[in-house]
Structure formats: C-alpha cells, structure tokens
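Trainee: everything below, folded, please.
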Amino acid sequence: MHPPHLLTRRRLLTLAAGASAALVFDSAAASERPATLPTPTAPATLPPTLNPGGKTMLTRVIPSSNEPLPVIGLGTYRGFDVATASPAYKQLRAVLDALFAAGGSVIDSSPMYGRAEQTTGELLSIHEPRSPAFLATKVWTRGRAEGVAQMEQSFRLLQTERIDLMQIHNLLDWKTHLPTLREWKEQGRIRYVGISHYTSSAYADVEAVLKSEPLDFLQINYALDDREAEARLLPLCRERGVAVICNRPFGGGGLLSRLKDKPLPGWAAQVEVNSWPQLALKFLLANPAVTCVIPGTGNPRYMSDNAGAGFGPMLTDAQRHQLIALL
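Mentor: Have a look, this model is predicted:
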C-alpha cells in the first residue's frame with residue numbers, strides 16, 4: 001500500500017507562473033506523437049474505448065517481489081515541464097485521470113526533466129480520490145553528498161515520503177549511489193532500486209552492471225524501430241529476475257511519423273487495437289521480459305489512446321514479424 005501524497009493545495013495555488021529554470025535534459029522518456037498532429041483540448045469525459053467493457057489493465061509481476069504492475073505507464077519528459085499558468089498545464093490533471101481510470105499507475109520522472117517532478121507532485125497532491133501512483137524518478141550526479149541532496153529534492157518536489165523506484169541514470173557514479181539506494185530501501189524510503197539508460201552505445205556497460213549487482217529494475221530504450229535491447233539485455237533481465245521499463249517506446253516520435261499513413265493490419269481488431277500507437281506499444285509488451293512501457297505525453301487523449309494497449313490479447317510471433325517487415 002502506497003503512502004498518501006502530502007496535501008499542499010495552498011502551496012499549489014500560490015505558486016508563481018514561470019518557465020522552467022532547468023537547462024539539462026535527456027531523451028529517456030521522450031515519446032510524443034509527431035508534432036504535425038493537432039493537439040486536442042482536454043476531453044470533458046474519457047473516451048469510451050479507454051477501458052473497454054470494464055476490463056482491467058493487464059499487469060506483469062515485478063520479479064523481485066511478485067508485486068503486479070500495470071503494463072502502461074506515463075513518462076513526464078517535456079509534457080510535464082510546463083509553467084503553471086500555461087494552457088498545457090491545465091490539461092495535465094486530465095492526463096493523470098486518464099492513466100488512473102485505465103488502471104495504470106507508473107509515473108516516471110527525473111531531476112533532468114525541468115519542472116516535471118514539481119508538476120507531478122503538485123497534481124498528485126490535489127488528486128481525489130488519493131492517487132494510486134507508482135512513482136519512479138532518477139539520480140544523475142556525481143558524489144554521495146550530491147546524490148543525496150538531489151534525491152532529497154525529488155522527495156520534496158514529488159511531495160511524498162516514499163518513492164517507489166529510484167534509478168541511477170546513465171550509470172553516472174553508480175558505485176557511489178548504489179549503497180545509498182540500498183540503505184534507503186532498507187529504511188523504507190524507496191521500495192525498488194534500478195538503473196536507467198536510453199542509448200545502445202551504453203549497452204555493454206549496462207550489461208556488466210546487471211551481471212554484477214542484484215537490481216529490481218532496468219529502464220531502457222526499446223521500440224519497434226529500436227530493437228537492439230532484444231539481443232542481450234532483455235534476455236539477461238529475465239534470467240536475473242529484473243523488471244524492465246521501456247522508455248522511448250515510439251522511437252522518439254519518428255516511428256509514428258513513418259506509420260501514420262499506413263493502414264493498420266487486418267488483424268488489429270483481433271488484438272483489440274485501433275491505432276498505431278497502441279500497436280507499437282503492444283509490440284513491446286509481446287516480449288515477456290517487458291514489465292511496463294512509459295510513453296510520454298502531456299495530452300489526455302494521447303494518454304487515453306496509449307492506455308488502450310494494456311487490454312486484450314498480446315501479439316503472436318507472426319504478427320510481430322509482420323510489423324517489423326513494414327519498416
């Protein structure tokens with residue numbers, strides 16, 4: 001059972017509007033639709049296809065604990081790095097509503113995503129009923145003291161007394177941070193320990209850490225047009241009992257641009273898919289090593305559509321190969 005997020009409605013209402021002050025970003029969760037598509041306003045009600053037939057979103061167990069985790073989550077890169085007075089900010093509560101209404105819970109953020117952690121904390125603090133969020137964030141700095149300070153700041157911004165998953169991003173000074181994470185896990189401040197990366201050039205280093213250290217999670221880039229993780233990392237995670245979160249599940253946005261003018265396969269309805277984003281996400285979930293995918297968005301309709309991939313049958317091997325052949 002997750003602890004309640006600290007209520008700070010007064011703090012939220014008194015926050016001054018302003019642009020993000022952070023200048024350092026990475027692409028770990030960037031997975032928006034192509035910029036050429038229109039951005040609809042927040043729907044008054046969730047689309048009826050969000051949770052078809054009252055079904056429950058599929059879950060996969062976290063190997064280290066057997067805790068079930070919904071297979072579709074939310075990345076906050078870009079989408080949640082917005083000023084409080086902006087029109088984009090006003091849509092974000094509906095994004096969270098769409099995630100939770102579908103049965104999703106994983107929200108992934110980072111100190112490198114500008115204002116995203118703060119925005120997430122603000123919105124969760126006023127969410128009613130109490131949100132079921134599974135909060136994941138990252139540490140990305142050198143030195144023990146610097147790492148502790150950065151993670152403490154994440155607790156403050158997310159307005160929580162416990163973070164579900166803390167990840168050492170890009171393996172930066174991981175040997176220094178890992179003992180702190182394990183200590184905090186024993187104390188109950190964090191529930192799971194992991195590492196994260198988003199580029200295949202680091203796969204050899206990621207593999208070495210996975211082989212040498214017991215970890216709960218790996219967050220890694222994986223998409224229909226970016227399948228290198230299938231070769232060694234995903235099988236290794238299955239072997240080592242490590243849960244896998246997929247970032248960049250749309251290949252950074254280029255994948256959907258390539259697919260948007262193609263007709264869906266004739267068998268799409270058989271797997272309860274009605275859009276290319278759903279099919280691209282379901283392609284990843286067909287790999288048994290994958291625990292959760294976290295497409296990033298600040299748009300409630302996109303969140304609703306993404307969540308639809310968490311329902312219905314998985315793709316067969318033949319269907320997966322047909323999608324690969326399209327590219």
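Trainee: for T141, see how far away the residue of the chain most remote from its centre is.
Mentor: Note on the chain: the largest C-alpha distance from the chain mean falls to G266, namely 29.3 Å (CA atoms, centre = their mean). Distance of G266 to T141, given as CB to CB, to the nearest Å: 50 Å. No exception for glycine: its C-beta is placed from N, CA and C like everyone else's.
Trainee: please apply the same query to V148.
Mentor: V148 is 10 Å from T141, by CB to CB.
Trainee: neighbour-wise, which of these two wins?
Mentor: Using other CB atoms under 10 Å, the more surrounded residue of V148 and T141 is T141, with 20 against 15.
Trainee: contacts only, for the more buried one.
Mentor: T141 is in contact with 147, 150, 172-173, counting by CB atoms under 8 Å, 6 or more residues apart in numbering.
Trainee: for it, what is the enclosing helix or strand?
Mentor: T141 is located outside every helix and strand, with elements delineated by DSSP states H and E.
Trainee: just to be sure, R191 is in a strand?
Mentor: Yes - per DSSP: H, G, I helix; E, B strand; the rest coil, R191 lies within a strand segment.
Trainee: rounded mean pLDDT for the helix or strand L284 falls within, please.
Mentor: According to DSSP H and E, L284 maps onto helix 276-285. For helix 276-285, the mean per-residue pLDDT is 98.
Trainee: likewise stretch 158-174?
Mentor: Rounded mean pLDDT across stretch 158-174 is 97.
Trainee: repeat for stretch 103-110
Mentor: Across stretch 103-110, pLDDT averages out at 97.
Trainee: could you dump it to CSV, C-alpha only?
Mentor: Output in CSV follows, covering the C-alpha atoms of stretch 103-110 (Å, rounded to 0.1, in the frame of the first residue of the first chain):
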residue,chain,number,x,y,z
GLY,A,103,-5.8,1.1,-14.3
GLY,A,104,-2.3,2.5,-14.9
SER,A,105,-0.1,3.7,-12.1
VAL,A,106,3.6,4.1,-13.1
ILE,A,107,4.7,7.8,-13.5
ASP,A,108,8.3,8.2,-14.4
SER,A,109,10.2,11.5,-13.9
SER,A,110,13.6,12.8,-13.3
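Trainee: one step back: next, the buried residues of the helix holding L284.
Mentor: By 16 or more other CB atoms under 10 Å, the buried positions in helix 276-285 come out as 276-285.
Trainee: in JSON lines: those residues, plus distance to C237.
Mentor: Converted to JSON lines, the buried residues of helix 276-285 look like this (distance: CB to CB, whole Å):
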{"residue": "W276", "distance to C237": "27"}
{"residue": "P277", "distance to C237": "24"}
{"residue": "Q278", "distance to C237": "24"}
{"residue": "L279", "distance to C237": "23"}
{"residue": "A280", "distance to C237": "21"}
{"residue": "L281", "distance to C237": "19"}
{"residue": "K282", "distance to C237": "19"}
{"residue": "F283", "distance to C237": "18"}
{"residue": "L284", "distance to C237": "13"}
{"residue": "L285", "distance to C237": "15"}
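Trainee: what is the strand or helix carrying A98 packed up against?
Mentor: Using DSSP H and E, A98 falls within helix 87-101. In terms of contacts (3 or more CB pairs under 8 Å, 6 or more residues apart in numbering; DSSP states H and E), helix 87-101 is packed against strand 74-75, helix 116-125, helix 300-307.
Trainee: G254 reaches D225, doesn't it?
Mentor: Yes - using CB atoms under 8 Å, G254 makes contact with D225 at a distance of 7.2 Å.
Trainee: neighbour count for those two, which is higher?
Mentor: The neighbour comparison of G254 against D225 (other CB under 10 Å) goes to D225, with 16 against 13.
Trainee: circling back: next secondary structure element downstream of the helix holding L284?
Mentor: In N-to-C order, the element after helix 276-285 by DSSP H and E is strand 292-293.
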